[in-house]
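**Q** Predicted model, plus sequence, below.
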Amino acid sequence: MTSIKTKITINFLVAVFVTVTLLEVLFIFFLRKYYYDNTEALLSNQVKTSADFYNKYFSSSSLVENIRDNVDVFWKQTNAQVQILDDEGKLLMDSLGVKEGDIIDTADVRKAIKGGQQGRWIGKVYYDTNEVMAVSYPLTSGEKVVGVLRFVTSLKEVNKSIRGISIIFISIGVMVFLIGVFVSYMLANSIVNPIKEVTKVAEKMAIGDLMVRSDSKRLDEIGSLANTLDYMAEELKKRDELKNDFISSVSHELRTPLTAIKGWAIVLNNEKTDRAMLDTGFKIIEKEADRLSAMVEELLDFSRFVSGKVVLNIESVDISQLVDYVNVYLRPRAERENINFIVDCEQDLPAINADSGRLKQLLINFLDNAFKFTPSYGQVLLRVYREANSLKLLVKDNGCGISKEDLPRVKEKFFKGKNSKSQNGIGLSICDEIVNMHGGTFQIKSEEDKGTEVMVTIPFET
């Protein structure tokens with residue numbers, strides 16, 4: 001497996017190599033063009049001066065006669081090799097003594113004869129080991145091209161200069177590449193080393209050490225990752241503590257009814273126990289068994305919600321009947337605890353598609369909490385009404401309320417606030433799941449010593 005460090009180094013070096021190579025190629029190309037263009041410009045000025053002089057003063061005579069009588073005129077202006085060709089490209093004269101009569105059919109000659117324009121050619125000739133540059137210019141008599149004046153110069157010194165400068169810049173390019181190797185290595189380390197540190201922290205977290213922290217001060221993506229890991233560890237630590245508290249709380253809550261059941265079973269298992277004692281014992285055992293069953297059912301319900309195995313039994317629900325049921329169910333408790341229980345249900349509410357059992361569970365859970373935290377002669381309000389295409393369920397009390405510290409966390413699993421009378425801290429988390437499964441929202445507003453307000457909004461189709 002290729003490491004990130006190796007990949008970063010290779011990718012960076014490839015980028016540097018491609019960039020340097022491209023720049024070197026472009027530089028050498030333009031350097032060569034610059035030198036060749038300057039050489040051409042020099043030859044062009046010389047050949048044009050000689051050709052203009054011929055066209056002005058000697059064009060009345062034939063080209064052959066001028067070569068015989070005025071040949072010096074053609075190479076006075078230059079140190080280059082001078083060639084004169086007729087209008088068919090046949091070599092008539094060469095200042096270096098190259099064999100006359102040869103046909104020269106290079107691009108520059110063709111352009112001068114056929115196009116009547118100056119032409120340039122770069123290539124090899126048999127009498128020189130170096131490249132040469134030839135510049136041809138037409139010789140005219142009136143409007144007719146009668147021959148070609150051709151200046152040829154060796155590119156030995158020019159190419160030598162180009163090679164020398166190119167070697168210098170290639171050396172610079174190699175140095176830049178070597179610097180790139182060093183920089184890429186340092187760059188890879190600056191990225192990989194922090195990742196390794198974060199990885200070590202994550203590995204420690206993975207084996208259960210939730211106290212370890214990266215404490216990164218970086219402000220980039222790696223720093224953000226490190227801070228996220230620290231936050232995750234903190235949350236896992238809190239949830240682990242909540243889980244332990246939950247197990248401890250559940251164990252205590254389960255032990256209480258079991259202890260009562262076992263104690264009364266021992267008491268009742270006596271021949272001397274009278275009927276009144278038997279009735280009292282059986283009632284307590286039944287009550288504690290119901291309490292134990294309710295706790296177990298709540299835990300099982302919570303487990304099903306967490307595992308995603310809960311399926312809503314959707315049916316048409318008459319909200320008014322459901323509210324009446326909850327009123328009848330909780331009215332005796334309200335009277336027993338001297339609480340003013342107010343039920344306000346809007347008339348002619350439409351039936352909605354929902355799980356009636358889960359909605360009952362929802363309302364009973366909210367109202368049960370309201371009763372728990374509302375003192376005698378306090379007030380609990382259940383209001384059900386329609387707003388646009390939503391059903392609103394409002395439960396409000398004037399009890400002890402919830403502290404600012406606990407309020408944001410009351411929906412968390414296993415959380416029990418300082419005023420909580422919950423058996424296991426999962427009631428509101430179950431309610432939240434029920435509301436979500438109905439596509440609704442669930443909000444809690446509360447203030448200590450002033451009461452709590454729970455608002456559930458469930459959308460429905462009209």
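**A** Happy to help now that I have it. Quick caveat: nothing in here was measured; it's all calculated off a predicted structure.
**Q** what sits against F460?
**A** Residues in contact with F460 (C-beta atoms under 8 Å, 6 or more residues apart in numbering) are 350, 352-354, 389-391. For glycine as for every other residue, the C-beta is placed from the backbone atoms N, C-alpha and C.
**Q** Got the phi and psi for L92?
**A** Main-chain torsions, L92, degrees, to the nearest 10: phi -100, psi -30.
**Q** helix, strand or coil for D344?
**A** strand (DSSP: H, G, I helix; E, B strand; the rest coil).
**Q** what about the closest residue to it other than its chain neighbours, which SS state?
**A** Once flanking residues are discounted, D344 sits nearest to R383: 4.4 Å by C-beta to C-beta, 6 or more residues apart in numbering. Classification of R383 by three-state DSSP places it in strand.
**Q** What is the burial count for R383?
**A** 16 (other C-beta atoms under 10 Å).
**Q** Show me what it bridges to in the sheet.
**A** On DSSP bridges, the residues paired with R383 through beta bridges are D344, L394.
**Q** Next one: it relative to C345, how far apart?
**A** According to C-beta to C-beta, to the nearest Å, R383 stands 8 Å off from C345.
**Q** For V384, see how far away E346 is.
**A** 6 Å.
**Q** Looking at those two, which one has more neighbours?
**A** Just comparing E346 and V384: by other C-beta under 10 Å the higher neighbour count belongs to V384, 21 against 15.
**Q** surely that one meets V317?
**A** No. Taking contacts as C-beta atoms under 8 Å, V384 lies outside contact range of V317: 11.8 Å.
**Q** follow-up on the earlier one: which of the contacts of F460 ranks first by neighbour count?
**A** Busiest of these [other C-beta under 10 Å] is A354, holding 25 neighbours.
**Q** is that one in a bridge, and if so with what?
**A** Bridge pairing for A354 - DSSP bridges - gives E315.
**Q** What separation is there between it and L330?
**A** 20 Å.
**Q** Output the contacting helices and strands for the strand or helix carrying T199.
**A** Taking DSSP states H and E as the definition, T199 sits inside helix 156-206. The criterion is 3 or more C-beta pairs under 8 Å, 6 or more residues apart in numbering; DSSP states H and E, and the helices and strands that helix 156-206 contacts are helix 4-57, strand 128-141, helix 221-268.
**Q** looking at these, which is buried most?
**A** strand 128-141 (a mean of 20; mean count of other C-beta atoms under 10 Å).
**Q** Paired strands for that one, with orientation please.
**A** Strand pairing for strand 128-141, using DSSP bridges, gives strand 119-125 (antiparallel), strand 144-154 (antiparallel).
**Q** The last one vs helix 4-57, what angle?
**A** By that I understand strand 144-154. With axes from the mean of the first three to the mean of the last three C-alpha atoms, to 10 degrees applied, the angle from strand 144-154 to helix 4-57 works out at 130 degrees.
**Q** Least reliable of the helices and strands packed on helix 156-206 by average pLDDT, please.
**A** Least confident of the helices and strands packed on helix 156-206, judged by mean pLDDT, is helix 221-268 with a mean of 72.
**Q** packing partners for it?
**A** Using 3+ C-beta pairs under 8 Å, 6+ apart: helix 221-268 touches helix 156-206, helix 275-307.
**Q** Turn those helices into CSV, including mean neighbour count.
**A** Below are those laid out as CSV (neighbours: other C-beta atoms under 10 Å):
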stretch, mean neighbour count
helix 156-206, 14
helix 275-307, 14
